[in-house]
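Novice: requesting a structural model of the entry that follows:
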Amino acid sequence: MKILLFLILILLLSSCKDNSTDAKQRKQTELMVKEANLRTGMPNITNFTERRFAKMIYELRDKEVKTYSYFMDMNGRLHFLCESIGYGLPYSVQYVNPERKIINYESITTIPQPEPNGLFMPDGLSATWVLCTDKTGKVRPVYSEPNLIVSPFPLKSTTYLK
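Specialist: Numbers count the residues shown, from 1 in each chain. As a prediction, the model looks like this:
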């Protein structure tokens with residue numbers, strides 16, 4: 001019985017050949033990349049500097065460091081926003097997986113999944129939450145739609161609002 005099912009599966013898969021232009025281009029591209037790899041090989045990376053930097057950035061982002069947040073005007077001038085904690089969090093970051101699978105007897109589909117607050121996050125949102133410290137030292141979230149620059153040290157800026 002298992003052999004019969006296996007043979008049927010092989011026949012079904014072999015009959016599903018994709019002769020589209022995309023399939024032909026994909027096959028040609030795979031051959032070209034294979035040839036390029038044979039001729040040039042992989043880069044001789046020995047120090048893994050970028051990987052070490054990525055690890056360092058992840059580890060620094062995981063600490064509650066004092067930072068300084070700025071926004072840039074249309075003339076390229078920096079304006080001080082606040083003393084802050086950490087490096088800001090894009091508003092589009094989601095706490096839970098944004099989609100969940102629905103499996104029925106015919107197909108597998110994904111549907112949007114709400115955040116723990118019951119709301120659904122929009123796609124492509126370009127905003128940032130910054131944890132600013134007020135005059136008393138209390139940490140308060142500030143929502144910003146302009147792109148921000150968050151630095152672990154003060155930067156030269158046009159305005160310094162304190």
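Novice: so the residue nearest the centre of the chain: helix, strand or coil?
Specialist: In the chain, the residue lying closest to the centroid (C-alpha atoms, centre = their mean) is Val93, at 8.3 Å. Following DSSP: H, G, I helix; E, B strand; the rest coil, the label given to Val93 is coil.
Novice: identify the residues contacting the longest strand belonging to the chain?
Specialist: Counting by DSSP state E, the longest strand found in the chain is strand 78-90. Identification of contacts with strand 78-90 by C-beta atoms under 8 Å, 6 or more residues apart in numbering yields 61, 64-73, 125, 127-133, 139, 142, 144, 148-150, 155-162. Placement of C-beta: from N, CA and C, glycine included.
Novice: and for stretch 136-153?
Specialist: Stretch 136-153 is contacted from outside by 65-72, 78, 81-82, 84-88, 91, 126-134, 155, using C-beta under 8 Å, 6+ apart.
Novice: I'd like to know which of these are buried.
Specialist: 67-71, 78, 81-82, 84-88, 91, 128-132 (16 or more other C-beta atoms under 10 Å).
Novice: what sits against Thr159?
Specialist: Thr159 neighbours (C-beta under 8 Å, 6+ apart): His79, Phe80.
Novice: read off the pLDDT value for it.
Specialist: Note for Thr159: predicted pLDDT of 71.
Novice: any idea how far it is from Phe80?
Specialist: Taking C-beta to C-beta, to the nearest Å as the criterion, Thr159 is separated from Phe80 by 6 Å.
Novice: just give me the neighbour total for Pro98.
Specialist: 15 (other C-beta atoms under 10 Å).
Novice: give the contact list for it.
Specialist: Contacts of Pro98 (C-beta under 8 Å, 6+ apart): Pro112, Gln113, Met121.
Novice: save these as a markdown table, and put in pLDDT, distance to Lys34 and neighbour count too.
Specialist: Shown next, in a markdown table, are these (pLDDT from 0 to 100; distance: C-beta to C-beta, whole Å; neighbours: other C-beta atoms under 10 Å):
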| residue | pLDDT | distance to Lys34 | neighbour count |
| --- | --- | --- | --- |
| Pro112 | 87 | 39 | 10 |
| Gln113 | 86 | 39 | 14 |
| Met121 | 84 | 40 | 16 |
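Novice: my read: Pro112 touches Phe120, true?
Specialist: Yes: the pair Pro112 and Phe120 passes the contact test of C-beta atoms under 8 Å, sitting 5.3 Å apart.
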